[in-house]
Structures are given as C-alpha cells and as structure tokens.
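Novice: with the input below, show me the fold.
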Amino acid sequence: MIQLKDLSLIKDNDYLLKNINLSVDENEVYLLKGLGIENLKALYGLLEGRLIPSEGDYFFEGRKFYQLSNLEKAFMRKNTIINLLDSAFYNGEFTVQKNLQQQLKRSGLYPTKWKALINETLSQLEIQTIADKKGDELTPLQLMKAKIAKGAVVKPKVLLIAAGEYLTDGGQQLKGILLEIKKKGISVIYAEIKNMQCIGELIEVIML
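Specialist: A predicted model of the protein is given here:
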C-alpha cells in the first residue's frame, strides 16, 4: 500500500529525514523507533502529502505520490491517511462525541450515518463512558484513546499516531486498542517519540 524508498527531507542544509525505507501493508500495525519529534512531524507530513521529499520516492498503492492531484491529496488527508500528530487534529474544547462528529462532517459522510459509526467506534474501543467529556476532563491515556477513535471513525486506510510515555505507562492497553483498530481494516503507524533531535533515521520498525 505505502512504500518509501531512500526517502530524505532536507531543511536548512540539514537532514530532517535521511534514507527512510518503509513498507506499510494493509491491515497491519507498525511501531517506529528512533525518530525525534521534529523528524516524525516531517515523516507524517510527507505521508499525508503536505511536504515533498528532497530525495527518494513515495509510492501509494503503486502510484508515485507526486503524481496525485491536489484534490486527491486533500481527500486522502480527510479520509485515507489520518494524522493524529497534527496539533489541529483534536479540539479539546469539544466533547469526544463532538470531535467524532466533526471528523465525519469533514470527511463528507452523510449525517444519517453518523450515529451508527460513532456508536460502533466508541463501543469497539470501550470508551462510551467518556463520550461526553471534554479534553481537560480526560486523562492522557483517555485523550489518546479519544484521538484514535476520532481518526478511526471514518475508517481510513492508515492512522498516523505518536506517543512517548504511553509505551510503558498504559502501553499494553494502547497495544490492545491498536489491534482492535486493525480489525476495522485500518493500518496503524505508531511512533515512539524520543525527546532529543535525531538524525532522522529509523532505528527499528516492528510489526505488532
């Protein structure tokens, strides 16, 4: 589905990403290790089509990504590749349910389908009890679950997720949730964030 070949991104004469090789198949969960937060933002920006690589190739379903039209790329960001790391993705002023409604509206799905999709997603992730809570009422782990639910509700092909301490603190719960998301036919790229700025090379890719 997704293939990155020797992909690099240079900014201010420095590598944000260097020689990234990554293959993402349908309905799989991947854990990425070794990227700092700025490197990861760059990688996810490339995957969702907001940035253009300086070197290398990005293939999506057999097509070179640069061959896609701007309209196709915009559709992908709404329905196909959802980036949870985007600071504007989740609105903490809204309830969990309202966030899911906003995502469905953005994707262009008819409102008559919203209730069933929201109930299905909340039930599958077992977060019905926080549906009416706003961002400041959620624990960090609950907020992560809510973000995942918002991304998953439109049944995209890929979710781009990142977290740091959740791999050790609540990590098993999150792993279970990601595997549940996989059952919906969604692939997940889940990155462990390092605090330091790295050279932009992946240390390890693990299939969960």
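
Novice: not counting its neighbours along the chain, what's nearest residue 10?
Specialist: Counting by Cβ to Cβ, 6 or more residues apart in numbering, residue 54 is the residue found nearest to residue 10 once chain neighbours are left out, at 4.3 Å. C-beta: built from backbone N, CA, C; applies to glycine.

Novice: show me what contacts that neighbour?
Specialist: For residue 54, the contacting residues are 8, 9, 10, taking Cβ atoms under 8 Å, 6 or more residues apart in numbering as the criterion.

Novice: which one of those has the most neighbours?
Specialist: Highest neighbour count within the contacts of residue 54, by other Cβ atoms under 10 Å: residue 9, with 22 neighbours.

Novice: for the helix or strand harbouring it, name the packing helices and strands.
Specialist: Secondary structure assignment for residue 9, by DSSP states H and E: strand 2-11. Secondary-structure packing of strand 2-11 (3 or more Cβ pairs under 8 Å, 6 or more residues apart in numbering; DSSP states H and E): strand 14-24, helix 37-47, strand 55-60.

Novice: turn the ones you listed into TSV, including mean pLDDT, distance to residue 192 and mean neighbour count.
Specialist: Supplementary listing: the helices and strands packed on strand 2-11 in TSV, determined by pLDDT from 0 to 100; distance: least, Cβ to Cβ, whole Å; neighbours: other Cβ atoms under 10 Å:
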stretch	mean pLDDT	distance to residue 192	mean neighbour count
strand 14-24	91	15	19
helix 37-47	91	9	21
strand 55-60	94	22	17
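
Novice: now do the end-to-end distance for stretch 148-159.
Specialist: Start-to-end span of stretch 148-159 (Cα to Cα, to the nearest Å) is 8 Å.

Novice: returning to that earlier point: closest one to residue 133 among the helices and strands packed on strand 2-11?
Specialist: The minimum distance between residue 133 and these falls on helix 37-47, with 26.6 Å, by Cβ to Cβ.

Novice: can you give me the offset of the closest one from its chain's centre?
Specialist: Here helix 37-47 is found 11 Å from its chain centre; the criterion is Cα atoms, centre = their mean, to the nearest Å.

Novice: name the helices or strands packed onto that helix?
Specialist: If you count contacts as 3+ Cβ pairs under 8 Å, 6+ apart, helix 37-47 packs onto strand 2-11, strand 14-24, strand 81-83, strand 158-163, strand 187-192.
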